[in-house]
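*Asks:* Requesting a structural model of the entry that follows:
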Amino acid sequence: MLKFDVCVIGSGPAGQRCAIQAAKLGKTACLIERSEVIGGVAINTGTIPSKSLREAILHLTGFGHSFRTSDSFSAERRITIDDLIHWCQHVVKREIEIVRGHMARNGVQMINGTASLANPRTVVATRGSEVTVIEADRILIATGTKPARPDNLAFDGRYIVDADGILRLPNLPRSLIVVGGGVIGTEYASMMQAVGVKVTLIEGRDTILEFLDPEIREALQYHLRQGGMTLRMGEKVVKAQVVDAPEGARGLDGKLVEATLESGKTMRAECLLYAVGRQGCTSELELERVGLSADNRGRIAVDMKTFQTKVPSIYAAGDVIGFPALASTSMEQGRLAACHMFGVKTNSVPELFPYGIYAIPEISMVGFNEDKLTRDDIPFESGVANYREIARGQLIGDEVGMLKMLIHQETRQILGVHCIGTGATEIVHIGQAVMALKGTVDYFVDTVFNYPTLAECYKVAALNGVNKLAHV
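*Replies:* I've put the predicted structure just below:
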């Protein structure tokens, strides 16, 4: 039997950070991973591969350049799935090496196997006939999630795929139906559109990405439609099947996917990507042995300040505990869990965790949006800066970009920052820092920014907001 201060199950962002933080506190830590490679979904099938795919598309098509040539547009049709996967694999391999290096330098012992809980302080890792028993004072469950697969869809890895399978397609389809207008569905839909794939996005709700600020969301939907994407809101897919392509129609090996909607409509494409929901990877943990259970989506309930379950020695963090299920928040949850395990005081500000959506164009936000402020009767004003009015925006040719700042009408504090366009996930952190320090709009009015930069949007948005507050 092996003994450690903390045993972490799952090597994704939450697991990595918990193990390393524990090691930094002078504690012994082990990390159990059932896959042959470490890094979890974030590195192997989710965050890093999808973002690598996005960067490859932007590079190969020139989509992010200010002046696209005829060669750029024709490149969309020449790009193959091999071009994209080659780029992704290079980044994934490098990230895996980096994570392994972090674990080795911090003395975290890696154990390969499928973990199950024997009791509140004992974990069993099984790999074939090899069984390793680990005793630990604290246990962190960070097993992540996998794509949800409804029974009415026959996933085959070629015509009907999930978010993991789309990166393993043998060919880039000429047409694609994306089911689900959440973060994953929207990201892949916009990426595929950028390489010339004809995309139809189907969402059961009235809008995509409903948690976004409405103005940002409308800007995104307008951009997607202008690019040729078909958006079907308020529709649900009840059946999908592979059918023979009609005479004269383009198909993959003479086949098409036919999706039947709840409204009775039928839609056809070479491929269907199902991206509605994810399921927690908890079925093999045998939670009932320690008095725990998961909900119908495989999620484990925790105290969101300590990440402790109802069993004092067992914690959970990352996607397996549910929203917001982002790599960035998972990392912080893992760190905070380790700190709580060993009595280290923290000063995290979870209400200021940023959200990053790597669609084309990218989107980011921190703080409250207009809907939330209106519901809570908080008086606010908005200040807006459009990239097309900023010198840097002109230089990079971004006509879509916009930064929006929400300002309290009385205290002048910044309540939220929302951005769409080039570098959105980078420049949002300026607003995040000012908000964390309780800054007001006057900070941005009085601050000098490098020129020309996208950061200058903050000053323009601040001046716009202040003028509105002064009724100018």
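*Asks:* and the next element down the chain from the one helix or strand M110 maps to?
*Replies:* For M110, the host element (DSSP states H and E) is strand 109-112. Toward the C-terminus, strand 109-112 is succeeded by strand 114-119 as the next helix or strand (DSSP H and E).
*Asks:* mind listing what's buried in the strand holding M110?
*Replies:* 109, 111-112 (16 or more other CB atoms under 10 Å). Just so you know, the C-beta spots here come from the backbone N, C-alpha and C atoms, and that holds for glycine as well.
*Asks:* Which member of these is positioned nearest V434?
*Replies:* Q109 (41.5 Å; CB to CB).
*Asks:* that older thread, contacts for the strand holding M110 next, please.
*Replies:* Applying CB atoms under 8 Å, 6 or more residues apart in numbering, the contact partners of strand 109-112 are 2, 4, 11, 29-34, 36, 38, 100, 103, 125, 127, 132, 134.
*Asks:* ok, that strand: who's next to it in the sheet?
*Replies:* strand 29-33 (parallel) (DSSP bridges).
*Asks:* pLDDT averaged over the strand it pairs with, what's the number?
*Replies:* The pLDDT scores in strand 29-33 average 96.
*Asks:* next one: stretch 199-207
*Replies:* Model confidence over stretch 199-207 averages 96 on the pLDDT scale.
*Asks:* quick one: contacts for the residue nearest the centre of the chain?
*Replies:* The centre of the chain sits closest to L326, judged by CA atoms, centre = their mean, with a distance of 5.0 Å. Applying CB under 8 Å, 6+ apart, we find L326 in contact with 353, 355-356.
*Asks:* Please apply the same query to R297.
*Replies:* Per CB under 8 Å, 6+ apart, neighbours of R297: 148, 277-280, 322.
*Asks:* Go ahead and report the secondary structure state at it.
*Replies:* coil (DSSP: H, G, I helix; E, B strand; the rest coil).
*Asks:* Next: K310.
*Replies:* K310 ends up coil, using three-state DSSP.
*Asks:* go on, I216?
*Replies:* Per three-state DSSP, I216 ends up helix.
*Asks:* isn't there a strand covering Q279?
*Replies:* Yes. Counting by three-state DSSP, Q279 is located in a strand.
*Asks:* what bridges to it?
*Replies:* Applying DSSP bridges, one finds that Q279 bridges with K146.
*Asks:* burial count for it?
*Replies:* Neighbour count of Q279, defined by other CB atoms under 10 Å: 17.
*Asks:* OK, contacts around it?
*Replies:* Q279 makes contacts with 145-149, 297-298, as judged by CB under 8 Å, 6+ apart.
*Asks:* Could you measure from it over to L31?
*Replies:* 22 Å (CB to CB, to the nearest Å).
*Asks:* Kindly report the same for V302.
*Replies:* 19 Å.
*Asks:* Also S116?
*Replies:* From S116 to L31 the distance is 16 Å (CB to CB).
*Asks:* all helices of the stretch 251-400 of the chain, in order?
*Replies:* With DSSP state H, counting those that start in this stretch as the criterion, the stretch 251-400 of the chain has helices at 327-341, 370-375, 391-396.
*Asks:* for those, which one ends up most surrounded?
*Replies:* Mean neighbour count (mean count of other CB atoms under 10 Å) peaks for helix 327-341 among the helices of the stretch 251-400 of the chain, with a mean of 24.
*Asks:* Quick one: list the elements packing against that one.
*Replies:* On a contact count with 3 or more CB pairs under 8 Å, 6 or more residues apart in numbering; DSSP states H and E, helix 327-341 meets helix 13-24, strand 130-141, strand 314-316.
*Asks:* what would these look like in a markdown table with mean pLDDT?
*Replies:* Output for these, formatted as a markdown table (pLDDT from 0 to 100):
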| stretch | mean pLDDT |
| --- | --- |
| helix 13-24 | 96 |
| strand 130-141 | 97 |
| strand 314-316 | 98 |
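*Asks:* how long is stretch 151-162 end to end?
*Replies:* 13 Å (CA to CA, to the nearest Å).
*Asks:* meant to ask about stretch 381-401, not that
*Replies:* With CA to CA, one end of stretch 381-401 sits 20 Å from the other.
*Asks:* Please apply the same query to stretch 293-307.
*Replies:* Taking CA to CA as the criterion, the two ends of stretch 293-307 lie 15 Å apart.
*Asks:* I'd like the distance from that stretch to the chain centre, please.
*Replies:* Offset of stretch 293-307 from its chain centre (CA atoms, centre = their mean, to the nearest Å): 19 Å.
*Asks:* how many neighbours does G196 have?
*Replies:* That count, for G196 with other CB under 10 Å as the rule, works out to 18.
*Asks:* Also A240?
*Replies:* 23.
*Asks:* mind checking which helix or strand it is in?
*Replies:* Per DSSP H and E: strand 237-244 holds A240.
*Asks:* can you pull out the strands in the stretch 51-200 of the chain?
*Replies:* Ranges of strands in the stretch 51-200 of the chain, per DSSP state E, counting those that start in this stretch, are 109-112, 114-119, 122-127, 130-141, 145-147, 160-162, 175-179, 198-203.
*Asks:* can you list the residues that contact the last one?
*Replies:* It refers to strand 198-203. 174-181, 185-186, 189, 192-193, 208, 224, 228-237, 259, 261, 267, 269.
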